[in-house]
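Chemist: Just to be clear, the model below is a prediction. Sequence and coordinates:
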Amino acid sequence: MQARYQYGSLRLRKRKKGPNVWEFRWLENGMPKSMLIGTVEKLSTRADAERTVEHLRMKINVDNPQQHFHRVTVQGLADRFITEYASRKCRRNTRMNYQSLYNTHIKPRWGMEYVDDVRPMLVEDWFDGYNEYEVEQEDGQKIKKPVSRVVKSHVRKLMHIMFERARFWDVVRENPIDLVHQSQKRLKKPRILEVEEFKLLLPQLPEPDKTMVIVHQCLGLRSCETVALKWLDLNFDDLTVHIQRSFVRGEVNEVKTDASDKVLPLDPDLADVLLSHKARSKFTGPDDYVFANAEGRIRWPESFLTDHIKPAAKRAGIGDVGWHTFRHTYASLLAELDTKSLSVNNDGLAPTDHGRGQGE
């Protein structure tokens, strides 16, 4: 005989000091349990509080085949996904990205839908027609922004991961996103710098900014990897560089994938550029960052791009430049030159047989 589904009870508890709070109560192995959900300032209506406890109901009924007892909304699934899965399995930045993607794109359309009503055809039709989303500015006004295929791809991936967890928790039997196709092809061709444009940019950058951009371009790194380089990662005797960490939103972590964690050959000319930079630097210990700021701390790639690279590109007359511009340029030049990496010489960029492959 199947167990009954536990809905628990939700009540508003008065407090002598501070705002009243919502309290959720249920039974666990015959013993009463309770949890404070939030204040009435945060959850102003019972409906708000009910949505908040939905993922708790899923958890306390984990031994029951839940699809037979209680219909779960996508919001309830998302709450449990963030609370139980992402909080334990994902880095802080990944959790933040998941939460932002969900709140901005998934929640407005699917948050109040029941998970068993999320059908592949409906999701794919939504993606096909989802071309803009609404954003509230600091002044309270709302504006429309376009939705790129890359963003749609990220949204689809998150929905797929969420429904895989739903399968794991016996909330659904199949993942409806398995059958949803979403193209990742870019609608707009990415900006690629010509060699002459890169040569115009470099004189506009003072040291150590110039060396940082040269290393970033010639190794084809991500910006989060470039700023996280330490002197211990560079072996000038063997001419190698070990890419083993990244810096994203104030957090330093090991690189995300095995493909990114690599020891790369270092071109002799590029090694000379780095050694000249080291001779000028105040921070040259093994654990010091290669491109540390004036206080010896790691540079934030976003502010470095805004404060240094973009103004230099404007002065050079080469238009708008972003971190991905260098990465796309790197891949394009490697394909054009049929080589493995780039070096730098008096004429700018040149091919070499060292470095990271195009697809990595």
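Modeler: Looks like it arrived, so ask away.
Chemist: Tell me where the stretch 1-150 of the chain is predicted with low confidence.
Modeler: For the stretch 1-150 of the chain, applying pLDDT under 70 flags the ranges 1-7, 61-70.
Chemist: hang on, I meant the stretch 201-350 of the chain
Modeler: Within the stretch 201-350 of the chain, the stretches with pLDDT under 70 are 256-261, 334-350.
Chemist: how about the strands in it?
Modeler: Assignment of strands within the stretch 201-350 of the chain using DSSP state E, counting those that start in this stretch yields the ranges 234-235, 240-243, 245-248, 251-254, 262-265, 341-345, 348-352.
Chemist: Point out the other helices and strands that the fifth one packs with.
Modeler: Strand 262-265 makes packing contacts with strand 240-243 when contacts are defined by 3 or more CB pairs under 8 Å, 6 or more residues apart in numbering; DSSP states H and E. All C-beta atoms are positioned from the backbone trio N, CA, C, and that covers glycine.
Chemist: so what does the strand it packs on touch, helix or strand wise?
Modeler: If you count contacts as 3+ CB pairs under 8 Å, 6+ apart, strand 240-243 packs onto strand 234-235, strand 262-265.
Chemist: Tell me which strands that strand pairs with, and in which orientation.
Modeler: Paired strands of strand 240-243, with direction, are strand 234-235 (antiparallel), strand 262-265 (antiparallel) (DSSP bridges).
Chemist: Extract the C-alpha set from that strand and format it as PDB.
Modeler: What follows is strand 240-243, C-alpha atoms only, in PDB (Å, rounded to 0.1, in the frame of the first residue of the first chain):
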ATOM      1  CA  THR A 240      56.000  25.700 -20.900                       C
ATOM      2  CA  VAL A 241      53.000  27.400 -19.200                       C
ATOM      3  CA  HIS A 242      50.500  25.500 -17.100                       C
ATOM      4  CA  ILE A 243      46.900  26.700 -17.300                       C
END
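Chemist: can you list contacts of it?
Modeler: With contact meaning CB atoms under 8 Å, 6 or more residues apart in numbering, strand 240-243 is reached by 219, 221, 225, 229, 233-235, 255, 260-266.
Chemist: and residue 101, what helix or strand is that in?
Modeler: Assigned by DSSP states H and E, residue 101 falls within helix 92-101.
Chemist: Ok, residue 134 next?
Modeler: Applying DSSP H and E as the criterion places residue 134 in strand 132-136.
Chemist: For that strand, which outside residues touch it?
Modeler: The contact list for strand 132-136 (CB under 8 Å, 6+ apart) reads 104, 105, 108, 142, 143, 144, 145, 146, 147.
Chemist: go again using 6 Å as the cut-off
Modeler: Strand 132-136 is contacted by residues 142, 143, 144, 145, 146, 147 when judged by CB atoms under 6 Å, 6 or more residues apart in numbering.
Chemist: Where do the domain boundaries of the protein fall?
Modeler: Here the domain parsing of the chain from automatic domain parsing is 1-54, 71-188, 195-352.
Chemist: Turn the helices and strands packed on strand 240-243 into JSON lines, including mean neighbour count.
Modeler: As requested, the helices and strands packed on strand 240-243 are arranged in JSON lines below (neighbours: other CB atoms under 10 Å):
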{"stretch": "strand 234-235", "mean neighbour count": "16"}
{"stretch": "strand 262-265", "mean neighbour count": "16"}
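Chemist: For those, give me CSV that also has distance to residue 195.
Modeler: Below are the helices and strands packed on strand 240-243 laid out as CSV (distance: least, CB to CB, whole Å):
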stretch, distance to residue 195
strand 234-235, 26
strand 262-265, 22
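Chemist: out of the ones you listed, nearest to residue 54?
Modeler: With CB to CB as the criterion, residue 54 lies closest to strand 262-265 of the helices and strands packed on strand 240-243, at 43.6 Å.
Chemist: got the CA coordinates for the closest one in CSV?
Modeler: Taking C-alpha atoms only, strand 262-265 is exported to CSV below (Å, rounded to 0.1, in the frame of the first residue of the first chain):
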residue,chain,number,x,y,z
LYS,A,262,47.0,21.8,-19.8
VAL,A,263,50.7,22.4,-20.0
LEU,A,264,51.3,24.4,-23.1
PRO,A,265,54.6,25.0,-25.0
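Chemist: If anything else comes up later, I'll come back, but that's it for now.
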